[in-house]
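> Generate coordinates for the sequence data below:
(chains A and B)
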Amino acid sequence: MSQHEHFEEEEFETEFNGQTVLRIFRLGLLHWPLMLGYLLSVVVTSVLDGYLTLLTKRIVDDGIVAGNAEQLWRLVLQYGLGLVLVALGVMGFIYSAGRLGERVQYDLRKTMFARLQDLSLSYYDRTPVGWLMSRLTSDASRVGDLVSWGFMDLLWGGVAIAVSLGFMAMINVQMMLLVAAVIPVLIVVAFRFKKKILVEYRDVRKTNSQITGAYNENITGVRVVKSLRREEGNLEEFTDLTRTMYRAGFRAAWLSALFLPVVQLISAIAVSGIVLYSGQQFQLGGMTIGGIQAFIFYITHMLFPIQEMARIYAEMQQAIASGERIFSLVDAVPEVQDRSGAQAPDSLRGDIVFENVDFQYEEEKPVLRDFSLHVKQGETIALVGPTGAGKSTIVNLVCRFYEPSKGRILINGRDYTEWTLHGIHSRVGVVLQTPYLFSGSIWENLRYGRLDATDDEVVNAAGMAGAHSFIEALEEGYDSQVGEGGVLLSVGQTQLLSLARAILADPDIFVMDEATSSVDTLTEALVQEAMDAILADRTSFIIAHRLSTIRKADRILVIEDGRIAEQGTHAQLIRRQGHYYDLYTKQFRDERIGSAQPLLQAGNPVAA
Amino acid sequence: MADKVSETGRTSRSLPHQEAPALMRPLRRIWSVLGLRSEEKHEEETNDKGIRLDYDLKDTLTPNRFVGLWRMATGFRTIYVMAVVAAGFAALSRSAVFYLLRYFVDDVLMGADSQWQIPWVAAGIIALALLQGFFSFGMGRLAAETAEGVTRRLRNYLYDHIQRMTFTYHDTMQTGELIQRATSDVDTLRRLFQDQLIGIGRTGLLFLVNLIALALLHGWLALLSIPLLPVVSVASFFFFRRMTTVFESYQSQDAAVSNRLQERLTGVRVVKAFARQSYEIDRFEEENWEKYLRGVRIAKLHTLFWPVVETLTGGQLLFGMFMAARMALSGDITVGTFVAFTGLLVATIWPVQGIGRLVAHVSTGLVSLNRVQEIIRQERENLEEGNTPTNKRLRGALQFRNVQFAYESPPAEEDGAAKKGEEAKLDPQEARRRAFAERGYVLRDINFDVEPGQVVGLLGATGSGKSSLVNLLPRFYEYSGGSITLDGEELRAYSRGFLRGQIGIVQQEPFLFSTTIRNNISYGLGRKVSDEELEAAARAAAIHDVVQTFPKGYETLVGERGVTLSGGQKQRVTIARTLLKDPAILLLDDATSSVDTETDAAIRAALQRLMQGRTTFIIAHRVQSVMTADQILVMEAGRIIQRGSHDELVAQPGVYRRIFELQVQIEADLEREIAAVVEAAEEKLGGLEKAQPFPQGYGSPSEPEIPHSVTRG
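Below you'll find the predicted structure:
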């Protein structure tokens, strides 16, 4: 249900923003041949349409009433020619507008996706994925529609009205003015109506999402419903909702049903005005039969665009709001980006130094303050401490997912902002606690670490990570699908795969954030050996709960409140009986109690 | 509330009442054939307060889908037919305008009738517009009443149906899929009634009326004006059918783009960690470009279609006009007739363009009908069927004899089953369930007795059959073999409704409804609960004090629109709920496992109160939770592998003893081991200290610690 509500359409109450409109228009101009194509064909079609009506007038007046057969055939021929041209025009604008709309959507998605790749993680921290998704899907298509159909409808309507008025003026100026007087009335009525109808539809949408919510609750809570025998009561509550829905829906529907008749009535008044006026004019010779007919046609001709105007306006407002949101995404500046003159590093081997580093995710909430640390090339650093102490922040800074807000981080003696982001990211291997796999085969997921790795290299890396045996046990082996986010595998298995993926990347610096927390003890022991080999000559940062992992680190940092509370080797810290000692004994107890649980796992031969 | 229902029920049912007798006969016949409901039951429910049960939608399950739709409109048929009739009259008044025009041209302008007729003509135009407006509004209104009324009934029916379907069905059907069918497919059906079906009627009548009007103007001229029109309507039908498939392929690519986006945005850390940005941009480009291409395909299809239609209809128009002009020239028809003729010609030709679109939409609407009908087709659980002892409280004595249970695959539709195969791939839960189903029995050879008031502990791994075992008691599932007797009577003999009233369940994941706390506690009692009663239950469940801290007390909303309760608080609300229900048998499904340690004690105490005097089943992962039970069943792979009290089980070798010993041992070992570690550390460090006093740059352990060691070189 929550998802449903996230994607609920935002209401369009934004003001008309000229700059945004202009910017949206420019998106279309990038493909000016298409835009020109539809502009021209719309104008041509619209003018021709008006001209055809004029032709029917002449057919009546100059042909039939005048009794001039020759003229009649000529006019009919012209009419036929005009029809062919109109068909061509229709062809032109349908094609160019349709294509342009798709193209603009495509462009927008492309631009946004590329921008999203550049944006820093801090942007993602602030922005829910659902929000981003709507920008790239519904908003993009709304703007695409505006550039193509929205602008076209507007142009079409404008030209149709202007052309009709123009041709009417050619026939009789006074009568044209009479018709023109009705137009503002029509527009006002149309807008009033549409506003009312839109309000009703808003109610319908709101109730609809409540109904969806009710369904969702009833289905997910079906067990409780059944065990409490709530069926009758639930239904009674639900019928309240459907009654509201019925009323709102019915009202919206009959308001819509009223709209057209009202518009038609107003136009009928205009037509009757024509009849009255032309009746007199006819006697005086100022009006012809064909002229009267043409006027009636023109009035109906103008009716449609005016009627649609309110809808187009509402859609435009929505599209402009969409455009604004899209541009806010496109204009977002990555907080971490390459400095000018940044170079790709050959290697990131060397000491890593934090020099009086300050860092905060949010203003006024410092996570690290004046933090300094020297890590030697090849050293393995374990970070322990309570949640929120800043362990992950430290490794995020090492990875340059974020940059220090004050102070410097030096790698091999150089400020790491002198390197390119790409260079750093591709040389730092990160394995996260909640590893994310992409839908696809295991092959594809492992190769994400190094795109050009051979099969042997992939299998080798999987073997090192202790993943090979479970992969082999899968029905389709390395070709097995992992599902979106890796849902088809256990968390432990995804962790092993993500470890293998990082091993394959062969990084200079290794970062593991609770990387094997869900791997069972037996596998952990297997992985441990491999890890020893991997960590041996690489600078590594490990955040872990597992004592076995921590114990082997060259140095353990106990982080509390963004500071190093204690540091030293395992033996040193135990001896000190401080923070680490407390953590360790508590952890130890939990681990041992936890280790009794696997005994109950079904299928496992019970062995202590 | 009740009178409100009947009030609105009346408005939407003013007509159905007249139809009711005619409707009842076939209904009764079908009901009795299917044996779904007894005769008198049916009587009672149609006399019930209204819309909700006045028509069993199972009746719409006919091989012919149009018959199904027709039956779905039961009660609204008369007004729907009236809507179509109104459409006819609207068309008629529109055609009449052209006749008026002919009169105006021929008789007023060119003929003998004098000037003073002109205002009458003008007034006539307005009058006809009013008439046309009246009828077309009437059509819209009546169609809206039908559409909204039919969907309202359908929504209510589906909602009730879904909550009354068996668990077997719920297990296999995904929530999203069900919701989709109950909302967007139902909405498609609404549009079918609101716009499309009536649209076809309207277009047909418009065409017919205008054609007749043309024919009255001039017989064979009218005939000459239509030969191309069937071509246009057939062409447009095929176009829109083709369009539907092309559009579907566009939509599926749209879904592919969304999926990729969703995944890459969620996994953005991975993308960044491996610096795969440009790789991702390339991959996204493939999907994005493909979507563009498919979009262009739609545009091309339109580009091909509309000019053709435009030319065809234009050609037809031109031809008709040409013939008419020729006749007008030769004096066969009057100028006024020509004017009226061209107007009517446009009015006749124009609707034909749209008919193909309508027909195509109707066919997609029928697909939605199918999807909705698949839900309707499922059987409901019968809550009343069986023995319902009145005024009897169960004692709670149970005997399980050779009980077996297998999930039977539900009577699924053919393609549905195929799809489920795919879905199962994506859902581990479902995959597990299916694995069980394939393995056959989830429970077998279950034998044990429970005395009234006894506490039974069930211990076992996930999937060992603990939950399946207790789910048999409220008859959520039916055991497939053996026998379970409850107070000496076979469990199956009791009605589901009665059993569920006597059994209380506290689940691992407490489920609260998004309503007030009061409603959540008094939920399911089916009667008014006094404040004292409510409070007493809340106190016993140790939640009263928490509730008091909320400004609105028991009227506080929970869930998204209200307060967020912690897992433990939620759990205590469900305990209060169960206390109030006062069941004879209690099922505690891992009720304390998801709760943090502080509240654990409070919940434990509340549970103790709840368990008093009730036969209780406790499902647990940990030995501690079941240690005090009168009997403990250790389950593995659907069988009971050990049974007895804690003392008995500890006395015999087996899984239970091993787990228990391990836990005891852990505690004992802990102190000793830590001591050993410290000792080892001392030694190790001592050794190190001799060789190398301190590792370079590290603070000396004897000194007060150095918070930040800045070391260089």
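> Burial check on A:T20, number of neighbours?
Around A:T20 there are 19 other residues, counting by other C-beta atoms under 10 Å in any protein chain shown. Bear in mind the C-beta positions are built from the backbone N, C-alpha and C, glycine included.
> same question, A:D455
10.
> who's in contact with residue 104?
Answering for chain A, as no chain was given. By C-beta atoms under 8 Å, 6 or more residues apart in numbering or on different chains, the contact set of A:V104 is A:L27, A:G28, A:H31, A:V143, A:G144, A:V147, A:S148.
> That was the other one, I meant chain B.
By C-beta under 8 Å, 6+ apart, B:F104 lies in contact with A:V275, A:G279, A:I292, B:I118, B:V121, B:G336.
> If you rank those residues by neighbours, which is first?
Among those, the one with the most neighbours (other C-beta under 10 Å) is A:I292, at 28 neighbours.
> was I right about that one contacting A:L276?
No - the pair A:I292 / A:L276 is not scored as a contact, 11.2 Å apart, by C-beta atoms under 8 Å.
> Write out the residues of the stretch 251-400 of chain A neighbouring chain B.
Residues of the stretch 251-400 of chain A found near chain B (C-beta under 8 Å from any C-beta of the partner chain) are A:253-254, A:256-258, A:260-262, A:264-265, A:267-269, A:271-273, A:275-276, A:279-280, A:282-283, A:289, A:292-293, A:296, A:353, A:370-374, A:399.
> From the residues you listed, which land in helices?
Counting by DSSP state H, the part of those found in helices is A:253-254, A:256-258, A:260-262, A:264-265, A:267-269, A:271-273, A:275-276, A:279-280, A:282-283, A:289, A:292-293, A:296.
> Just the buried residues out of those, in ChimeraX syntax.
To isolate the buried members of these in ChimeraX, using 16 or more other C-beta atoms under 10 Å in any protein chain shown:
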select /A:253,254,256,257,258,260,261,262,264,265,267,268,269,271,272,273,275,276,279,282,289,292,293,296
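> for chain B, what helix or strand is lowest in average pLDDT?
Ranked by mean pLDDT, DSSP states H and E, the weakest helix or strand in chain B is helix B:39-46, scoring a mean of 34.
> Just confirm yes or no for the very next helix or strand once past that one near chain A.
Going down the chain from helix B:39-46, the next helix or strand is helix B:65-72, by DSSP states H and E. No - for helix B:65-72, no contact with chain A is found by C-beta under 8 Å from any C-beta; the gap never falls below 15.7 Å.
> go on, stretch B:326-344?
Yes - using C-beta under 8 Å from any C-beta, stretch B:326-344 reaches chain A at B:A328, B:L329, B:V335, B:G336, B:F338, B:V339, B:T342, B:G343.
> Closest to B:Q378 out of those residues?
Nearest to B:Q378 among the residues of stretch B:326-344 next to chain A is B:G343, at 54.5 Å by C-beta to C-beta.
> now the closest one, nearest residue through space, not along the chain?
Spatial nearest neighbour of B:G343, chain neighbours left out: B:F98 (4.5 Å); criterion: C-beta to C-beta, 6 or more residues apart in numbering or on different chains.
> roughly how far apart are that neighbour and A:V271?
For B:F98, the distance to A:V271 (C-beta to C-beta, to the nearest Å) stands at 12 Å.
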